[in-house]
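Trainee: here's a sequence, model it:
(2 chains)
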Amino acid sequence: MLDFIRHLFTRHFWLKVLSLAVAVLLWWTVAHEPEAEVLMNVPIEFYQVPKGLQFSSETPPQVQIRVRGPVRVLRELAQRDIHPVIDLSGATRGERTYPIRAASIRLPKGAEIEQIIPAQLSLSLDRPERRTVPVRARITGTLVSGFQIVAATVARRTWKSKDRASAWR
Amino acid sequence: MEIEGPGLRVALIDSAFTDPVDATGVIGSATFTTNVYTTDPLVKMIAAQPVRVTVVTQKSPSNGGVD
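Mentor: Just a heads-up that it's a prediction; the model follows:
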């Protein structure tokens, strides 16, 4: 038994030492890879938007995320892989602020989120409504000397509306 | 023109506007085809399509141009 164990360590001893050295070198290279940060603009995903409600605030379509990690990981990181999520289930009409949580964003191993800009979004939801409004003509240019506009009408096939020109520049 | 959007935003819209038409040199009347828009990007127009803008000019009375 002792011979077997001794044989296990001593047979091709230098080959084993070389293998161990190569393994340590590989580990050291990966473990001590330089770190970097990238700024990424990524779109927000809204989950469970209540039916019958619309956004009534102009939300930024993207947020900026600072990701830190090994250079190799960051180079392989694509914007499509990162999805900050805002869950709107149970949202009602009105304004409310939603935090964008780093925990809701999945990242590859080794990468981590340093900062999210903005850290929260203020959203307004409202019911859609319809209304009929008049159409006003915008007129530009230089009139012939001595002439003035007496009427400016806007029309299309299905309706007609007459409005005085709202502007003359 | 019928518009649709979030209730609060729709309530703030008084009117829709045409793209500017250039009336330079118009004597009598001229008709232009142009598009209509609302100033609020969250408010859309139902069945938006080009419109005709007719501009009518006449001599200004102050210049003795009475017909």
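Trainee: show me what counts as buried in stretch A:52-68.
Mentor: Using 16 or more other Cβ atoms under 10 Å in any protein chain shown as the burial criterion, the residues of stretch A:52-68 that qualify are A:L53, A:Q54, A:F55, A:S56, A:T59, A:V63, A:I65, A:V67, A:R68. Heads up, the C-betas are built off the backbone N, CA and C, glycines and all.
Trainee: count the residues that sit near residue 19.
Mentor: I'll assume chain A. 11 (other Cβ atoms under 10 Å in any protein chain shown).
Trainee: the chain in question should be chain B.
Mentor: 16.
Trainee: quick check: it touching B:Y37?
Mentor: Yes - using Cβ atoms under 8 Å, B:D19 is in contact with B:Y37, at 7.1 Å.
Trainee: quick one on the thing from earlier: using JSON lines, lay out the buried residues of stretch A:52-68 together with distance to chain B.
Mentor: Supplementary listing: the buried residues of stretch A:52-68 in JSON lines, determined by distance: Cβ to the nearest Cβ, whole Å:
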{"residue": "A:L53", "distance to chain B": "8"}
{"residue": "A:Q54", "distance to chain B": "5"}
{"residue": "A:F55", "distance to chain B": "7"}
{"residue": "A:S56", "distance to chain B": "3"}
{"residue": "A:T59", "distance to chain B": "10"}
{"residue": "A:V63", "distance to chain B": "19"}
{"residue": "A:I65", "distance to chain B": "25"}
{"residue": "A:V67", "distance to chain B": "31"}
{"residue": "A:R68", "distance to chain B": "35"}
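Trainee: from the residues you listed, pick the one nearest A:P128.
Mentor: Ranked by distance to A:P128 (Cβ to Cβ), the buried residues of stretch A:52-68 are led by A:Q54 at 5.1 Å.
Trainee: which ones are touching the closest one?
Mentor: A:L125, A:D126, A:R127, A:P128, B:G5, B:P6, B:L42 (Cβ atoms under 8 Å, 6 or more residues apart in numbering or on different chains).
Trainee: where along chain A do the strands fall?
Mentor: A:35-43, A:45-47, A:54-55, A:62-70, A:85-87, A:94-99, A:112-117, A:120-126, A:128-132, A:135-136, A:138-140, A:147-156, A:159-162, A:167-168 (DSSP state E).
Trainee: just give me how far the lowest-mean-pLDDT helix or strand in chain B sits from the chain centre.
Mentor: When each helix and strand of chain B is scored by mean pLDDT, DSSP states H and E, strand B:44-45 comes last, with a mean of 90. Average the C-alpha atoms of strand B:44-45, do the same for its chain, and the two points are 15 Å apart (Cα atoms, centre = their mean, to the nearest Å).
Trainee: perfect, that will be all.
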